[in-house]
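Asker: any chance you could fold what I've pasted below:
(chains A and B)
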There are 2 protein chains.
Amino acid sequence: MTEKHETVLRSASKEVVIGHGRRFCLIGERINPTGRRIFQEQLRNGDMSAIERDVRAQVEGGADVLDVNMGVPLTDEPDLLAKAIRMVQGLTDLPICIDSSVVEALEAGLQAYEGRALVNSVTAEDDRMELILPLVKKYDAAIIALPNDADEIPMEADRRLELVQHVVDVATGEYGIAKGDIVIDPLAMPIGADTTTALTAFETMRRIRDEHGLNMTCGASNVSFGMPDRHSLGAAFLPMAMQAGLTSAIMDVRTPQIVTAVKAADLLLGHDEWGGSWITAHRARQAAVAG
Amino acid sequence: MTEKHETVLRSASKEVVIGHGRRFCLIGERINPTGRRIFQEQLRNGDMSAIERDVRAQVEGGADVLDVNMGVPLTDEPDLLAKAIRMVQGLTDLPICIDSSVVEALEAGLQAYEGRALVNSVTAEDDRMELILPLVKKYDAAIIALPNDADEIPMEADRRLELVQHVVDVATGEYGIAKGDIVIDPLAMPIGADTTTALTAFETMRRIRDEHGLNMTCGASNVSFGMPDRHSLGAAFLPMAMQAGLTSAIMDVRTPQIVTAVKAADLLLGHDEWGGSWITAHRARQAAVAG
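Answerer: The predicted model follows:
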């Protein structure tokens, strides 16, 4: 049995541990201007007030960690991301996932963050790892790694596992990053483009769990992209993915159907002793409806 | 790779095939007086009119097969079951699952049925197999087999697999029943009594699929017994069970949340080419709402 690794994230005052056999970790995806034109416009004008509402909604929805992305074209992304991270830290004690494709923005975010962040993300490309992994080590963070390289997003689990091995070898061997601080994105692609994509994702998850014991996260809404009734697809996908070894997801925690599905799967997988969380959450929902 | 077996059920005019890699088979559980006092009273008085409504609701809900149980105390169950089966055959062309713990009722049901029935059920007890398996062979039916014996419902997958092996040996070796006609119930017990029961069920399912290639069915609502929000638990349990190898379930097909979860899992498992069924079902729901 491969050793199962744990990923410890911290804010200034709160610790969250991601691990196999633990409650699933919900990473709120909402603080992200991608596809939100009004929010982009506000951010360009220096108006960050929407973040306050987004933080509140995600805390209420049950987020364990908040992803913060400030990828707005024609802005100073490093500066904006640092500001957003300072702001979010003032609004909640949840740990933060610092999300950018711009290395300077990741570093500015890490500098602004008090705690142990999750960095989103690095690919298996050597030049990207060379830029990002030293920052992960320097700031004592954890990193989300995607098993794709410059050439392709591989559609076979075998190739994804090869790239996982490469990332693990480089991150642990060259940069001294602990296995527990490597969180793999097994790559869930839209089912509408190819009805085998979820099967490939599940196989990749099982093998990453069984062969590496690493934690995993993925963009939970990718799989339903372009299909109708996306919430029902997400609510089926996540329990199946959790059974295959997924230990966290970057997801819309404001959707009760999907959050409830995750909590049900936690109960069924033995992560909720005596069903206490399930019963408590049900009572809270009833109280909210009643009053 | 173990050969995967198919179970062929037929009414007078319709065939349903249960199999790994195929759309999940929904067996409607509603024509059953257990826990329904008014229905029991009606049946005792010879009033079978409720069956008509139950058939209609289950056909509309998407049932592939209908389970028919007439276990009412202080009645002539063989006579009642034969009547109910004749009546259901007049109302729908769906194949029937003949459900009784009384051997004479099973035989009366098989005599009344025109087609290839599923018989529910036999345990791994030799005296029960000796009574029921000759009927299954004689009437060319398929059989649901439970891996428990007189002593116990085993709580370990190992013991369940031993009993599965025993049933398969007896059914194929002594009665010449084809493996495809043996449908195993992996035994899903209430999660509220013990939070490891679903894990045991999933392990049992995976091993029955991988080691025997047999079809499986289970009472999908058992797992949530005694817990709040049973529909959400069922909607998470079935996709997870399908991923573990469950190919059918005896379930309440009148609950859209659970049926939709099964259809979503069919799509994610590659059983719904191009997502055609998913998109069609979504349009039908929208039309019903607009309606």
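Asker: every contact and neighbour count from this point should use C-alpha atoms.
Answerer: OK.
Asker: which bits of the stretch 51-200 of chain A sit near chain B?
Answerer: Within the stretch 51-200 of chain A, the positions adjacent to chain B are A:191-192, A:194-199 by CA under 8 Å from any CA of the partner chain.
Asker: what's the farthest-apart pair in those residues?
Answerer: A:Gly192 and A:Leu199 (13.1 Å; CA to CA).
Asker: which residues in the stretch 1-150 of chain A form helices?
Answerer: Taking DSSP state H, counting those that start in this stretch as the criterion, the stretch 1-150 of chain A carries its helices at A:37-44, A:49-61, A:77-91, A:103-112, A:126-138.
Asker: before we move on, the earlier item: please enumerate the shared neighbours of A:Gly192 and A:Leu199.
Answerer: Listed as contacting both A:Gly192 and A:Leu199 by CA atoms under 8 Å, 6 or more residues apart in numbering or on different chains is no residue at all.
Asker: still on that earlier bit, who wins for proximity to A:Thr204 among the helices of the stretch 1-150 of chain A?
Answerer: Going by CA to CA, the one of the helices of the stretch 1-150 of chain A nearest A:Thr204 is helix A:126-138, 21.3 Å.
Asker: the closest one packs against which elements?
Answerer: helix A:103-112, strand A:118-123 (3 or more CA pairs under 8 Å, 6 or more residues apart in numbering or on different chains; DSSP states H and E).
Asker: try it again with 10 Å
Answerer: In terms of contacts (3 or more CA pairs under 10 Å, 6 or more residues apart in numbering or on different chains; DSSP states H and E), helix A:126-138 is packed against helix A:103-112, strand A:118-123, strand A:142-146, helix A:157-173.
Asker: reformat those as CSV; add mean neighbour count and mean pLDDT.
Answerer: Compiled in CSV, the helices and strands packed on helix A:126-138 are given as follows (neighbours: other CA atoms under 10 Å in any protein chain shown; pLDDT from 0 to 100):
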stretch, mean neighbour count, mean pLDDT
helix A:103-112, 21, 98
strand A:118-123, 25, 98
strand A:142-146, 25, 98
helix A:157-173, 19, 98
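Asker: mind putting these into CSV with distance to B:Ala241?
Answerer: Below are these laid out as CSV (distance: least, CA to CA, whole Å):
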stretch, distance to B:Ala241
helix A:103-112, 40
strand A:118-123, 32
strand A:142-146, 28
helix A:157-173, 22
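Asker: just the helices of the stretch 1-150 of chain A: most buried one?
Answerer: helix A:103-112 (a mean of 21; mean count of other CA atoms under 10 Å in any protein chain shown).
Asker: now for that helix, which elements pack on it?
Answerer: strand A:65-69, helix A:77-91, strand A:96-99, strand A:118-123, helix A:126-138.
Asker: low pLDDT regions in chain A?
Answerer: A:291 (pLDDT under 70).
Asker: list the contacts of the residue most central in space within it.
Answerer: Central residue of chain A (CA atoms, centre = their mean): A:Ile250, 3.7 Å from the mean position. A:Ile250 makes contact with A:25-30, A:63, A:65-67, A:97, A:217-221, according to CA atoms under 10 Å, 6 or more residues apart in numbering or on different chains.
Asker: of those, which belong to strands?
Answerer: Those of these mapping onto strands are A:25-30, A:65-67, A:97, per DSSP state E.
Asker: how about the helix or strand harbouring A:His282 against chain B, any contact?
Answerer: Taking DSSP states H and E as the criterion, A:His282 maps to helix A:276-290. Yes: Helix A:276-290 is in contact with chain B by CA under 10 Å from any CA of the partner chain, via A:276, A:278-283.
Asker: by neighbour count, which of these wins?
Answerer: Highest neighbour count within the residues of helix A:276-290 next to chain B: A:Trp278, with 21 neighbours (other CA atoms under 10 Å in any protein chain shown).
Asker: surely that residue meets B:Ile191?
Answerer: No: counting by CA atoms under 10 Å, A:Trp278 stays clear of B:Ile191, with 11.3 Å between them.
Asker: quickly list what's touching both of those two.
Answerer: With CA under 10 Å, 6+ apart, A:Trp278 and B:Ile191 have common neighbours A:267, B:227, B:233.
Asker: could I get the contacting residues of the nearest residue to the first one once chain neighbours are set aside?
Answerer: Read that as A:Leu267. Spatial nearest neighbour of A:Leu267, chain neighbours left out: A:Gly275 (6.1 Å); criterion: CA to CA, 6 or more residues apart in numbering or on different chains. Taking CA under 10 Å, 6+ apart, we find A:Gly275 in contact with A:263-264, A:266-268, B:191-195, B:227.
Asker: between those residues, which is nearest A:Pro134?
Answerer: Ranked by distance to A:Pro134 (CA to CA), the contacts of A:Gly275 are led by A:Asp266 at 34.8 Å.
Asker: ok, now which ones touch that closest one?
Answerer: Contact analysis of A:Asp266 by CA under 10 Å, 6+ apart lists A:21-24, A:239, A:242-243, A:260, A:272-273, A:275, A:277-278, B:195, B:236.
Asker: one more time with 6 Å
Answerer: Each residue near A:Asp266 by CA atoms under 6 Å, 6 or more residues apart in numbering or on different chains is listed here: A:Arg23.
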